[in-house]
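Student: whatever this is, show me its structure:
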Amino acid sequence: MKQALKGFVRLLSELNLDAAVIASKANKFYFAGYEYEEGYLVLSDSGMRLFVDPRFGIYARQNIKDIEIIEAKRPAAELNSFIRRFRSIGIDGTGISYRDFMLIASGIGRQRFHLLDDHLLKLRAVKERYEIDCIRKAAESSAGALSALLRGLTADMTEKQVAARLDLEMVRAGADGVSFDTVVALDERAAYAHAIPSNDVSLRDKRLMLCDFGALYRGYHSDETHTFFMKRWDTDAEKVYRAVLEAHDRAIDAARPGVHASTLDKVARDSLDKKGYGRYFGHALGHGVGLDVHESPSINYSSKDVLKSGMVFTIEPGVYIPDWGGVRIESMVYLSVSDKEVLTKRNVPIINLEV
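Tutor: Sure thing, here's the model as predicted:
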């Protein structure tokens, strides 16, 4: 986090800002290790201050070092009084509501506010070693959870029960929690790219199962998707799966520092187009992963991001055919200076269910 803070101080200097107000949970954790949504972190030339209400004061004083803790029943109003001394102020807009911003800016006339959202995302996109270790640990937890799930999967389990089992097994495997609402979708419901698991649909007599899930470890996320076929697959299913897998592998092969993120999207999209499935691939190829499960870089056809060593991102091509189903294969990739590492394990797509 010291490197992160140094980078942020340089950013404020480059933007000619006197201070910055950090509001989002992820960014407060990134710079100060503070784990809650509530509260505002302020950085200026006189140091860092955390404005919190009394509910979080004890935690902050006991767990956060080298930061002045300011307790107030109305932190936004207290913050308003403090920042009046500055003329040029950066604002983290990702974690602040319009109402709170109006409270913070109320009565301030001469100050200039500068939105920092994109700058903060770019700063966080390149991970330190500690961050990579946490993401790797999250991925190990999700891998352990999937293995445990597949060992105990039975035909009478519903989509929602499978999702709940995955969530439980991630925690059992060492995760602090889950990254997002786990997706489990069977057969034609897998054509919904982000299906909501149902308690009315069980695995019995189903052809395929799509699972999209991730673990959380010390604030950092993992994200992966697997598509499984029950006992066997027919010719059409095999063709779709192998087409998606080829697009996935080609995009990963093309990933290296200095490559435009949009290039990876084109590689995967062109591969699916040649197989006749391009029109069924309707979303971006991937996204960065870290303190948020979706962050920079953006891996899509219009992205301006350039890949750098230290980045972690997903590659997740998918084919979604109405009334048939969907196949998505998603892996997390870490780029180092001279190599790349796939952080999520690929599983055999054919599984046998216990009746």
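Student: every contact and neighbour count from this point should use C-alpha atoms.
Tutor: Will do.
Student: for the closest residue to residue 161 other than its chain neighbours, which three-state class applies?
Tutor: Leaving aside its chain neighbours, residue 161 sits nearest to residue 199 (7.2 Å; criterion: C-alpha to C-alpha, 6 or more residues apart in numbering). Each residue gets one of three states, and residue 199 gets coil by DSSP: H, G, I helix; E, B strand; the rest coil.
Student: next, the contact list for residue 199, please.
Tutor: Shown in contact with residue 199 (C-alpha atoms under 8 Å, 6 or more residues apart in numbering): 158-161.
Student: dump those residues to JSON lines, plus secondary structure, distance to residue 22 and neighbour count.
Tutor: Putting the contacts of residue 199 into JSON lines (DSSP: H, G, I helix; E, B strand; the rest coil; distance: C-alpha to C-alpha, whole Å; neighbours: other C-alpha atoms under 10 Å) gives the following:
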{"residue": "158", "secondary structure": "strand", "distance to residue 22": "42", "neighbour count": "21"}
{"residue": "159", "secondary structure": "helix", "distance to residue 22": "39", "neighbour count": "24"}
{"residue": "160", "secondary structure": "helix", "distance to residue 22": "37", "neighbour count": "20"}
{"residue": "161", "secondary structure": "helix", "distance to residue 22": "38", "neighbour count": "17"}
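Student: out of everything not next to it in sequence, what's closest to residue 141?
Tutor: Spatial nearest neighbour of residue 141, excluding adjacent residues (C-alpha to C-alpha, 6+ apart): residue 173 at 4.9 Å.
Student: separation between the nearest residue to residue 232 once chain neighbours are set aside and residue 238?
Tutor: Spatially, and ignoring its direct neighbours in sequence, residue 232 is nearest to residue 350 (6.1 Å; C-alpha to C-alpha, 6+ apart). Distance, residue 350 to residue 238, using C-alpha to C-alpha, to the nearest Å: 10 Å.
Student: can you give the distance of the top helix by length along the chain from its chain's centre?
Tutor: Looking across the chain with DSSP state H, the single longest helix is helix 129-152. How far helix 129-152 lies from its chain's middle: 15 Å, per C-alpha atoms, centre = their mean, to the nearest Å.
Student: which residues are contacting it?
Tutor: So helix 129-152 is contacted by 162, 165-175, 213-218, 220-223, 290, 343-345, 351, 354 (C-alpha under 8 Å, 6+ apart).
Student: ok, now stretch 30-46?
Tutor: Residues contacting stretch 30-46 (C-alpha under 8 Å, 6+ apart): 1-2, 4-5, 18-26, 28-29, 48-53, 60, 64, 67, 75-76, 79, 95, 291.
Student: what is the neighbour count of the residue lying closest to residue 194 once chain neighbours are set aside?
Tutor: Leaving aside its sequence neighbours, residue 194 sits nearest to residue 183 (C-alpha to C-alpha, 6+ apart; 6.6 Å). When neighbours are defined as other C-alpha atoms under 10 Å, residue 183 has 24 of them.
Student: who's residue 183 bridged to?
Tutor: Residues in a beta bridge with residue 183, per DSSP bridges, are residue 212.
Student: which residues touch it?
Tutor: By C-alpha under 8 Å, 6+ apart, the contact set of residue 183 is 163, 194-197, 210-213.
Student: so for stretch 35-49, first residue to last residue, what's the gap.
Tutor: End-to-end distance for stretch 35-49, by C-alpha to C-alpha: 15 Å.
Student: go on, stretch 172-185?
Tutor: End-to-end distance (C-alpha to C-alpha), stretch 172-185: 23 Å.
Student: may I see the buried residues of stretch 89-98?
Tutor: Burial within stretch 89-98, assessed by neighbour count using 16 or more other C-alpha atoms under 10 Å, is assigned to 89-96.
Student: alpha carbons of it, as PDB, please.
Tutor: The C-alpha trace of stretch 89-98 is given here as PDB (Å, rounded to 0.1, in the frame of the first residue of the first chain):
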ATOM      1  CA  ILE A  89      -9.900  19.100  -4.700                       C
ATOM      2  CA  GLY A  90     -10.000  15.600  -6.300                       C
ATOM      3  CA  ILE A  91     -13.200  13.600  -5.800                       C
ATOM      4  CA  ASP A  92     -13.600   9.800  -5.900                       C
ATOM      5  CA  GLY A  93     -17.000   9.700  -7.500                       C
ATOM      6  CA  THR A  94     -17.500   5.900  -7.500                       C
ATOM      7  CA  GLY A  95     -18.400   5.800  -3.800                       C
ATOM      8  CA  ILE A  96     -20.300   9.100  -3.300                       C
ATOM      9  CA  SER A  97     -24.000   9.800  -3.800                       C
ATOM     10  CA  TYR A  98     -25.300  13.000  -5.300                       C
END
